[in-house]
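Trainee: Dropping the sequence and predicted coords here.
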Amino acid sequence: MKRTKIVDIFDPALIGSEVSVKGWVRTRRGNKYVQFVALNDGSTVKNLQVVFDMNRFTDEQLKPVTTGSSIHVTGKLVESQGKGQTCEIQADTLEIYGTADPNEYPLQKKGHTLEFLREKAHLRPRTNTFGAILRIRSALAFAIHKFFNEKGFFYLNTPLITASDCEGAGAMFQVTTLPLNNLPKTDNGQIDYSKDFFGKPTALTVSGQLEGELGATALGAIYTFGPTFRAENSNTPRHLSEFWMIEPEMAFYDISDNMDLAEEFIKYCVNYALDNCKDDIDFLAEHFDKELIDRLRFVVNHDFVRLTYTEGVKILEESGRKFEFPVHWGTDLQSEHERYLVEEHFKRPVILTDYPKEIKAFYMKQNEDGKTVRAMDVLFPKIGEIIGGSEREADFDKLSKRINELDIPMKDMWWYLDTRRFGTVPHSGFGLGFERLVLFVTGMTNIRDVIPFPRTPNNAEF
């Protein structure tokens with residue numbers, strides 16, 4: 001008999017039929033006459049109740065059926081009289097695949113803290129909470145590809161190993177095959193990278209943007225979706241050392257086109273989750289964030305406010321609010337400032353534009369005032385910045401001058417500058433940290449809880 005996934009078992013058309021289900025036991029309870037097992041196979045947050053008539057099974061047969069064990073059951077699917085479930089299986093046969101000693105299996109039926117579950121990241125996907133989060137994460141990844149495919153974008157794979165630091169931050173993980181306990185040296189005592197695998201210093205990428213621009217200036221519109229790495233010693237609920245980024249780049253887009261795309265994109269993803277992950281979102285709303293569904297609908301149903309950084313700073317300065325980080329023109333806005341604009345002042349998502357050039361990256365198009373650049377940040381409730389992007393500087397001379405001002409080695413940027421030397425065009429793009437999006441859609445408060453195996457300072461377990 002072919003297995004039926006539990007997500008499909010609740011089809012009323014199956015009532016009265018013989019079915020085969022497989023999964024992991026969440027709980028077992030009962031008495032000497034009847035035993036009830038809650039079974040889950042990861043396909044849905046809903047458990048399926050399996051009923052064992054003890055006239056047909058022995059205590060010895062059911063003794064290994066404990067929380068965490070895996071079983072295969074066949075039987076008749078019938079309507080359930082129990083509260084909170086529409087159907088159940090009256091078991092005919094039982095096959096035990098794997099046992100789980102109740103004295104050793106850490107996920108027993110009780111409330112576990114999220115901190116405890118981070119220590120058990122290899123098992124936490126079996127909990128209702130993390131099953132829901134990972135199914136939502138999967139659905140959002142599919143939605144991202146679907147959105148860009150429908151818009152005619154091409155999926156571009158940019159390198160994970162790179163010799164350039166896109167952000168100019170310098171916080172990169174070095175990639176090397178040199179023997180660290182006996183590094184080869186040049187005559188002047190420097191490390192001899194000519195002996196390294198790539199013949200030069202290389203690192204894990206912090207962004208695929210620069211290579212993405214190469215793709216956009218050939219294919220018209222591309223997007224990247226892959227892992228990026230930051231060696232920043234940031235132990236906060238919003239930072240990871242390894243995370244996933246979505247970075248579209250579009251030729252012939254100005255800053256307004258860029259903002260339009262970012263708003264359409266993020267609404268599409270949130271809407272997709274609302275339409276396709278209802279059970280999981282309902283579960284997380286019930287157990288973690290009662291306002292979650294209203295907040296998701298709020299984003300989908302409202303136009304985003306658009307204003308300049310200068311206007312935003314003026315609002316913050318005149319708010320009368322005493323912020324932990326004082327704000328004035330020229331400062332990089334903190335999460336508390338961004339959330340004030342979104343949650344308290346406008347009560348809508350906000351897109352801030354035209355930031356001071358000193359606090360933004362070298363590649364952003366400069367405005368005619370000589371002080372600001374055509375940057376844009378999308379700010380969300382509870383999160384702060386969720387998308388960062390800009391119109392890119394398309395003028396060769398202006399870009400070269402900015403690179404020189406920031407002492408970025410020209411020898412590493414020749415290929416990037418070639419896009420401005422040969423057929424330059426107006427172009428724009430943005431980056432969305434995937435985990436920030438998952439954080440928003442799930443209502444979780446710590447970014448370590450929306451990626452299967454978080455990588456943070458002093459933590460590379462599993």
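Mentor: Happy to help now that I have it.

Trainee: Going along the chain, name the helices of the stretch 1-150 of the chain.
Mentor: Secondary structure of the stretch 1-150 of the chain by DSSP state H, counting those that start in this stretch: the helices cover 6-9, 59-62, 114-118, 128-150.

Trainee: Any chance of these in a markdown table with mean pLDDT, distance to Ile96 and mean neighbour count as columns?
Mentor: All C-beta atoms are positioned from the backbone trio N, CA, C, and that covers glycine. Shown next, in a markdown table, are those (pLDDT from 0 to 100; distance: least, Cβ to Cβ, whole Å; neighbours: other Cβ atoms under 10 Å):
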| stretch | mean pLDDT | distance to Ile96 | mean neighbour count |
| --- | --- | --- | --- |
| helix 6-9 | 97 | 18 | 18 |
| helix 59-62 | 96 | 9 | 12 |
| helix 114-118 | 94 | 26 | 15 |
| helix 128-150 | 98 | 22 | 18 |
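
Trainee: would you turn those helices into JSON lines with distance to Gly431?
Mentor: Formatted as JSON lines, the helices of the stretch 1-150 of the chain follow (distance: least, Cβ to Cβ, whole Å):
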{"stretch": "helix 6-9", "distance to Gly431": "33"}
{"stretch": "helix 59-62", "distance to Gly431": "53"}
{"stretch": "helix 114-118", "distance to Gly431": "26"}
{"stretch": "helix 128-150", "distance to Gly431": "13"}
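
Trainee: do you know which of those lies nearest Gly226?
Mentor: Of all the helices of the stretch 1-150 of the chain, helix 128-150 sits nearest to Gly226, with 11.2 Å by Cβ to Cβ.

Trainee: dump the residue contacts of Cys176.
Mentor: Check again: residue 176 is Thr, not Cys. The contact partners of Thr176, by Cβ atoms under 8 Å, 6 or more residues apart in numbering, come to 196-197, 201-202.

Trainee: Give me the distance between it and Leu160.
Mentor: Between Thr176 and Leu160 the distance is 15 Å, computed by Cβ to Cβ, to the nearest Å.

Trainee: Wait, a helix at Arg402?
Mentor: Yes. With DSSP: H, G, I helix; E, B strand; the rest coil as the criterion, Arg402 is part of a helix.

Trainee: what's the nearest residue to it if we skip its chain neighbours?
Mentor: Phe362 (4.9 Å; Cβ to Cβ, 6 or more residues apart in numbering).

Trainee: which strands and helices sit next to the helix or strand containing Leu437?
Mentor: Per DSSP states H and E: Leu437 is located in helix 434-442. Secondary-structure packing of helix 434-442 (3 or more Cβ pairs under 8 Å, 6 or more residues apart in numbering; DSSP states H and E): helix 128-150, strand 242-251, helix 255-276, helix 278-287, strand 384-391.

Trainee: Identify all contacting residues around that helix.
Mentor: By Cβ under 8 Å, 6+ apart, helix 434-442 touches 132-133, 136-137, 140-141, 144, 225, 238, 240, 243-246, 266, 269-270, 273, 277, 281, 284, 288, 292, 296, 380, 382-383, 386, 444-445, 447, 450-451.

Trainee: Check the gap between the nearest residue to Lys46 once chain neighbours are set aside and Tyr340 for me.
Mentor: Once flanking residues are discounted, Lys46 sits nearest to Asp279: 6.4 Å by Cβ to Cβ, 6+ apart. Going from Asp279 to Tyr340 by Cβ to Cβ gives 34 Å.

Trainee: which one of those two has more residues nearby?
Mentor: The residue with more neighbours, out of Asp279 and Tyr340, is Tyr340; 22 against 13, by other Cβ atoms under 10 Å.

Trainee: The residue nearest to Arg402 is in contact with Asn404, isn't it?
Mentor: No. In this structure, Phe362 is not within contact of Asn404 by Cβ atoms under 8 Å, at 9.8 Å.

Trainee: Looking at these two now, which is surrounded by more residues?
Mentor: For Phe362 versus Asn404, neighbours defined as other Cβ under 10 Å are more numerous around Phe362 (19 against 11).

Trainee: about what we covered before: adding distance to Gly23 as columns, could you present the helices and strands packed on helix 434-442 in CSV?
Mentor: Shown next, in CSV, are the helices and strands packed on helix 434-442 (distance: least, Cβ to Cβ, whole Å):
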stretch, distance to Gly23
helix 128-150, 11
strand 242-251, 29
helix 255-276, 22
helix 278-287, 16
strand 384-391, 35
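
Trainee: so which of these comes closest to Ile351?
Mentor: Closest to Ile351 of the helices and strands packed on helix 434-442, according to Cβ to Cβ: helix 255-276, at 5.3 Å.

Trainee: So which elements touch the closest one?
Mentor: Where contact means 3+ Cβ pairs under 8 Å, 6+ apart, helix 255-276 is packed against helix 128-150, strand 242-251, helix 292-301, strand 350-356, strand 372-380, strand 384-391, strand 427-433, helix 434-442.

Trainee: Export these to a markdown table and append columns for distance to Met413.
Mentor: Converted to a markdown table, the helices and strands packed on helix 255-276 look like this (distance: least, Cβ to Cβ, whole Å):
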| stretch | distance to Met413 |
| --- | --- |
| helix 128-150 | 27 |
| strand 242-251 | 17 |
| helix 292-301 | 37 |
| strand 350-356 | 22 |
| strand 372-380 | 18 |
| strand 384-391 | 17 |
| strand 427-433 | 17 |
| helix 434-442 | 27 |
